[in-house]
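*Asks:* Pasting a predicted model and its sequence here:
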Amino acid sequence: MPICGIDEAGRGPWAGPVVAAAVILPARGRPKGLKDSKLLSPEARAALAAALRDCAEIGLGLATPEEIDALNILKATHLAMQRAFAALPRAPAAALIDGDSAPPLSCAVECIIDGDVHVACISAASIIAKVERDRMMAAYCADFPGYGFSRHKGYGTPEHQAALAALGPSPLHRMSFKPVKAALANAYSP
């Protein structure tokens, strides 16, 4: 029975979904160079993601900004992980999850701190989740011009802070996050 790795991208940003990936790697023919997505250049991530799509079984799941606001970021991350797990083409015997907490799944689960650095299937999930989320945030630029989502991907950069101050929050923003709450309060102050 296969084992999947699960990781997420986008817990910290002020805008956009949190995206999770579940990946079952093949026994042979795995791409070389799998590691934590944060340690790879965007070009290397994209190349590895393309190679993974050709050889691995992948499930994707996300939680929307509204779900993040309603549940909190940890519960929304778990929801995205459950959705990614459910989207796999077949059920694995076990799931290895990056970090120290996991959602309930219909198989054995093991949390591994820094798993995206040390475990190939979690590294693969990290890469897939990051590439997918970055792609989504770049696409949102057309829907929400002026925020610079294609550049900062919703993270709290000075550019994003300035856009929030000038434009106020968009529907893509996480209203429960402090900087967004502050921008919302300032936008409606008399």
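*Replies:* Done, it's in.
*Asks:* Now do the strands in the protein.
*Replies:* Taking DSSP state E as the criterion, the chain carries its strands at 3-9, 18-24, 57-63, 94-98, 108-112.
*Asks:* what residue ranges in the chain score low on pLDDT?
*Replies:* 187-190 (pLDDT under 70).
*Asks:* Contacts for stretch 49-60, please.
*Replies:* Stretch 49-60 has contacts (Cβ atoms under 8 Å, 6 or more residues apart in numbering) with 2, 4, 19-26, 29-31, 83-90, 124, 127-129, 131-132. C-beta here means a position set from N, CA and C on the backbone, and glycine is covered the same way.
*Asks:* Restricted to buried residues, select those in ChimeraX.
*Replies:* The following ChimeraX line selects those of these that are buried, judged by 16 or more other Cβ atoms under 10 Å:
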select :2,4,19,20,21,22,23,24,25,30,31,83,84,85,88,124,127,128,129,131,132
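*Asks:* contacting residues for A76?
*Replies:* Counting by Cβ under 8 Å, 6+ apart, A76 touches V18, A63, E67, I68.
*Asks:* Would you mind stating the distance between the closest residue to the second one other than its chain neighbours and E159?
*Replies:* Taking Cβ to Cβ, 6 or more residues apart in numbering as the measure, A63 lies nearest to A76, with 3.8 Å between them; neighbours along the chain are not counted. A76 sits 25 Å away from E159, going by Cβ to Cβ, to the nearest Å.
*Asks:* circling back to that earlier point, select from the contacts of A76 the one having the most neighbours.
*Replies:* V18 (28 neighbours; other Cβ atoms under 10 Å).
*Asks:* so it bridges to which residues?
*Replies:* On the basis of DSSP bridges, V18 is bridged to A63.
*Asks:* Just to check, it is in contact with A80?
*Replies:* Yes - counting by Cβ atoms under 8 Å, V18 touches A80, with 5.1 Å between them.
*Asks:* picking up where we left off before, make JSON lines out of the strands of the chain and add distance to D143.
*Replies:* Formatted as JSON lines, these follow (distance: least, Cβ to Cβ, whole Å):
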{"stretch": "strand 3-9", "distance to D143": "20"}
{"stretch": "strand 18-24", "distance to D143": "17"}
{"stretch": "strand 57-63", "distance to D143": "16"}
{"stretch": "strand 94-98", "distance to D143": "30"}
{"stretch": "strand 108-112", "distance to D143": "35"}
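*Asks:* Figure out which of the ones you listed is closest to A182.
*Replies:* Of all the strands of the chain, strand 18-24 sits nearest to A182, with 21.2 Å by Cβ to Cβ.
*Asks:* For the closest one, name the packing helices and strands.
*Replies:* strand 3-9, strand 57-63, helix 73-86, helix 120-143 (3 or more Cβ pairs under 8 Å, 6 or more residues apart in numbering; DSSP states H and E).
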